[in-house]
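Colleague: the following comprises the amino acid sequence and a computationally predicted model.
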Amino acid sequence: MGFETQDVERKTISILRVLSDSKTPLGSRVIARRLKDCGVELGERAVRYHLKLMDERKLTQLVGRRDGRVLTERGAEEIGCALVKDKIGLAISRIELLAFRTDFDLDSGTGSVPINVSLFPNERFNEALQVMAPSFAAGLCVSDLVAVAREGEILGELVIPRGKVGLATVCSVLINGTFLKLGIPIDSKFSGILQFRNYKPLRFVELIYYSGCSLDPSDVFIRAKMTSVSKVVREGEGKLLATYREIPSLCQPVVEKTVAKLKEAGLGGLLIMGGASEPVCEIPVELNRIGIVLFNGLNPVAAAVEAGIEVENYGMSTIIKYKNLIKFEEVSG
């Protein structure tokens with residue numbers, strides 16, 4: 001009986017998370033599909049059953065039979081109080097899921113790539129574009145390809161709320177997804193603050209491991225205003241967002257070719273690839289492995305926050321078709 005209760009609770013939390021990630025009401029069919037994308041097998045009929053129980057607990061609210069359900073205040077609180085074991089490793093799980101959904105083809109230049117979604121106040125978006133432009137021009141990101149959506153429009157799978165403008169930036173999980181399809185093992189270690197000196201990366205001064213974090217580490221750093229991206233652009237000194245991965249040293253030749261192909265498509269974000277078992281940015285590397293440091297796709301957005309512009313970030317959010325991305329200069333120009 002206890003096991004059954006725990007299982008119901010786990011499914012309830014999964015449904016609440018799906019509703020929490022949506023800005024619009026969702027029906028049982030859409031919820032079931034999104035749960036499957038997250039590795040939770042729950043049919044449409046079972047979802048309806050759980051939603052009925054959740055309505056009785058006032059965790060969800062029905063908004064018309066066609067519109068579906070929305071999260072209540074109590075439901076949002078329930079997510080925050082979810083079982084600790086359900087929170088551990090959430091960031092690394094999101095990376096793995098996004099990597100699996102990434103299907104960009106290096107040869108044809110088609111398919112989907114992972115993105116971060118940042119929401120800006122409509123009245124300050126043009127100002128934000130001007131602030132972010134130098135960071136994109138300096139290449140302190142994964143790609144200068146972006147997508148923009150206004151209120152009511154959809155960016156990836158996120159509906160842009162009222163009074164906001166959404167900006168999609170390519171996420172560093174692109175490397176994971178590309179390597180996964182090629183059979184290259186990659187270990188995502190952490191996201192951190194990388195110190196620059198004389199326009200060159202020096203060392204990591206702060207880091208958060210993905211395996212023990214339930215939030216997107218980059219958003220934590222941005223909210224805490226720990227970056228100085230604009231200063232790095234202007235003076236070559238400062239701190240920006242970067243991520244760290246490791247690969248087997250035997251894979252280096254294939255990785256180098258893959259990174260070169262990504263660069264041809266305007267993608268990548270590779271900052272440093274070390275040598276076998278050699279420390280990278282003062283991070284020790286295990287035997288027969290190579291450390292890789294990648295730019296974080298949210299660096300330009302961090303520059304906007306540094307300028308006092310309010311931004312709501314959904315890091316490692318979803319995927320978007322590569323063909324729907326455009327050059328940043330086309331937006332800012």
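Modeller: Perfect, I can see it now.

Colleague: who does F204 bridge with?
Modeller: L194 (DSSP bridges).

Colleague: from D103, how far off is the residue nearest to A265 when sequence neighbours are not counted?
Modeller: In this structure, A265 finds its nearest non-sequential neighbour in G109, 5.6 Å apart by Cβ to Cβ, 6 or more residues apart in numbering. Glycine gets a C-beta too; all of them are placed from N, C-alpha and C. Distance of G109 to D103, computed by Cβ to Cβ, to the nearest Å: 12 Å.

Colleague: next one: D67
Modeller: 31 Å.

Colleague: comparing the two, which shows the higher neighbour count?
Modeller: Using other Cβ atoms under 10 Å, the more surrounded residue of D67 and D103 is D103, with 15 against 12.

Colleague: can you pull the contacts of the more buried one?
Modeller: Listed by Cβ atoms under 8 Å, 6 or more residues apart in numbering, the contact partners of D103 are G111, S112, G177, K181.

Colleague: pretty sure the residue nearest to A265 sits against K321.
Modeller: No - using Cβ atoms under 8 Å, G109 makes no contact with K321, being 11.2 Å away.

Colleague: now, the most widely separated pair of the contacts of D103?
Modeller: S112 and K181 (11.7 Å; Cβ to Cβ).

Colleague: now do the shared contacts for those two.
Modeller: Going by Cβ under 8 Å, 6+ apart, residues that sit against S112 and also against K181 are T102, D103.

Colleague: so the two - more neighbours on which side?
Modeller: Using other Cβ under 10 Å as the criterion, S112 and K181 rank with S112 on top: 20 against 17.

Colleague: confidence score at the more buried one?
Modeller: S112 carries a pLDDT value of 95.

Colleague: now G2
Modeller: 38.

Colleague: picking that back up, and which of the contacts of D103 is nearest F328?
Modeller: Top of the list for closeness to F328, among the contacts of D103 and by Cβ to Cβ, is S112 at 19.4 Å.

Colleague: could you give the bridge partners of the closest residue to the closest one other than its chain neighbours?
Modeller: Using Cβ to Cβ, 6+ apart and skipping residues adjacent in sequence, the residue nearest S112 is I319, 4.2 Å away. On the basis of DSSP bridges, I319 is bridged to P114.

Colleague: do you know how far I319 is from S118?
Modeller: Remark: distance between I319 and S118 (Cβ to Cβ) = 16 Å.

Colleague: more crowded one of those two?
Modeller: Shown here are I319 and S118; by other Cβ under 10 Å, S118 has more neighbours (30 against 23).

Colleague: if you count neighbours, what's buried in stretch 45-52?
Modeller: V47, H50, L51 (16 or more other Cβ atoms under 10 Å).

Colleague: quick one: the lengthiest helix in the chain to chain centroid distance?
Modeller: If you go by DSSP state H, the chain has its longest helix at helix 2-20. In terms of Cα atoms, centre = their mean, to the nearest Å, the centre of helix 2-20 is set 24 Å apart from its chain centre.

Colleague: can you tell me the SS state at the nearest residue to M273 once chain neighbours are set aside?
Modeller: In space, and not counting its chain neighbours, M273 is closest to I292: 5.3 Å by Cβ to Cβ, 6+ apart. Per DSSP: H, G, I helix; E, B strand; the rest coil, the local secondary structure of I292 is strand.

Colleague: how about T243?
Modeller: Strictly by three-state DSSP, T243 counts as strand.

Colleague: ok, the closest residue to K58 other than its chain neighbours - how many residues close by?
Modeller: Nearest non-adjacent residue to K58, counting by Cβ to Cβ, 6+ apart: R74, 5.2 Å away. Residues lying near R74 (other Cβ under 10 Å) number 13.

Colleague: R74 sits in which helix or strand?
Modeller: Using DSSP states H and E, R74 falls within helix 73-80.

Colleague: helices or strands up against that helix?
Modeller: Helices and strands touching helix 73-80, by 3 or more Cβ pairs under 8 Å, 6 or more residues apart in numbering; DSSP states H and E, are helix 2-20.

Colleague: mind saving the C-alpha coords of the helix or strand following the helix it packs on as CSV?
Modeller: Note on helix 2-20: by DSSP H and E, the next helix or strand toward the C-terminus is helix 28-37. Taking Å, rounded to 0.1, in the frame of the first residue of the first chain, the C-alpha atoms of helix 28-37 are listed here in CSV:
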residue,chain,number,x,y,z
SER,A,28,-4.5,15.0,-20.8
ARG,A,29,-3.3,14.1,-24.3
VAL,A,30,-0.6,16.8,-24.4
ILE,A,31,0.4,16.0,-20.8
ALA,A,32,0.7,12.3,-21.6
ARG,A,33,2.9,13.1,-24.6
ARG,A,34,5.2,15.4,-22.6
LEU,A,35,5.5,12.9,-19.8
LYS,A,36,6.7,10.3,-22.4
ASP,A,37,9.3,12.8,-23.6
